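Student: Next one to model:
(2 chains)
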Amino acid sequence: DTGVSQDPRHKITKRGQNVTFRCDPISEHNRLYWYRQTLGQGPEFLTYFQNEAQLEKSRLLSDRFSAERPKGSFSTLEIQRTEQGDSAMYLCASSFIPGQPNTEAFFGQGTRLTVV
Amino acid sequence: GIQVEQSPPDLILQEGANSTLRCNFSDSVNNLQWFHQNPWGQLINLFYIPSGTKQNGRLSATTVATERYSLLYISSSQTTDSGVYFCAVSTSSNTGKLIFGQGTTLQVKP
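Tutor: Numbering: from 1, shown residues only, chains lettered A, B, ... in the order given. Predicted structure coming up:
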């Protein structure tokens, strides 16, 4: 397994446009997370999937944000009508192999979004 | 919710020096991880250490869960150690959601 993979690595978009990011987790993991990181801050939790079910969403995830994990494998994060305040690094992580106690999370390279 | 505080916020070292980074947390945790964020933004796993002591080369970490803190030791620092170090904790084994500290920015000068 090559680890958690995110695409694209960088995205520049105009305000008001929609953007979609993809995350491919480690294949054995059934938990998938999205985090957002702004300059000078630690990553902040956005949402969590166990298999295909979205089980938790942060208050940071406004109505313009939607995430899916349709087959319990890869996930997409869509931002509609982007605003300059959405500019950030979006990080995906995966963890947990059922039946094993280790819950160590592994992160992808991130997608850096710039809204102009 | 749980609070995670890292200290110091910034640290400048000469190459070869040793350092200790601290992470305090305000509640019981079932997971604690240390990460190094590289210049391109990726979080590199250093330690998964909800309790006890681990060592990996020049790095070691200790978590004293009962006293709610963890320490990351860097010995014989190198310029490649520069970057931001994050501590992250989870209070829920059901979700594994991580709460991050604000990070310690380390600069190692040659």
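
Student: how close does the one residue in chain B that gets nearest to chain A sit to residue A:8?
Tutor: Nearest residue of chain B to chain A, counting by Cβ to the nearest Cβ: residue B:100, 3.3 Å away. Where you see a C-beta, it was placed from the backbone N, CA and C, and this is true even at glycine. For residue B:100, the distance to residue A:8 (Cβ to Cβ, to the nearest Å) stands at 24 Å.

Student: And for residue A:84?
Tutor: 19 Å.

Student: Looking at the two, which is more packed in?
Tutor: Using other Cβ atoms under 10 Å in any protein chain shown, the more surrounded residue of residue A:84 and residue A:8 is residue A:8, with 12 against 9.

Student: Okay, the nearest residue to the more buried one once chain neighbours are set aside and residue B:70: tell me how far apart.
Tutor: The spatially closest residue to residue A:8, leaving aside those adjacent along the chain, is residue A:111, at 6.0 Å (Cβ to Cβ, 6 or more residues apart in numbering or on different chains). Computed with Cβ to Cβ, the distance linking residue A:111 and residue B:70 is 29 Å.

Student: Repeat that for residue A:107.
Tutor: For residue A:107, the distance to residue B:70 - Cβ to Cβ - is 19 Å.

Student: repeat for residue B:4
Tutor: 10 Å.

Student: Now the common contact residues for those two.
Tutor: Between them, residue B:4 and residue B:70 have B:23, B:25, B:87 as joint contacts when contacts are counted by Cβ atoms under 8 Å, 6 or more residues apart in numbering or on different chains.

Student: Can you tell me the closest non-neighbouring residue to residue A:7?
Tutor: Residue A:7 sits nearest to residue A:22 (Cβ to Cβ, 6+ apart), 4.8 Å away.

Student: check contacts around residue B:69.
Tutor: Taking Cβ under 8 Å, 6+ apart, one finds B:22-25, B:63 in contact with residue B:69.

Student: The helix or strand of chain A with the lowest mean pLDDT pairs with which strands?
Tutor: Ranking every helix and strand in chain A by mean pLDDT, DSSP states H and E puts strand A:53-57 at the bottom, with a mean of 93. Under the criterion DSSP bridges, strand A:53-57 sits next to strand A:44-50 (antiparallel) in its sheet.

Student: about what we covered before: disregarding residues adjacent in the polypeptide, which is nearest to the residue of chain B closest to chain A?
Tutor: Residue B:100 sits nearest to residue A:42 (Cβ to Cβ, 6+ apart), 3.3 Å away.
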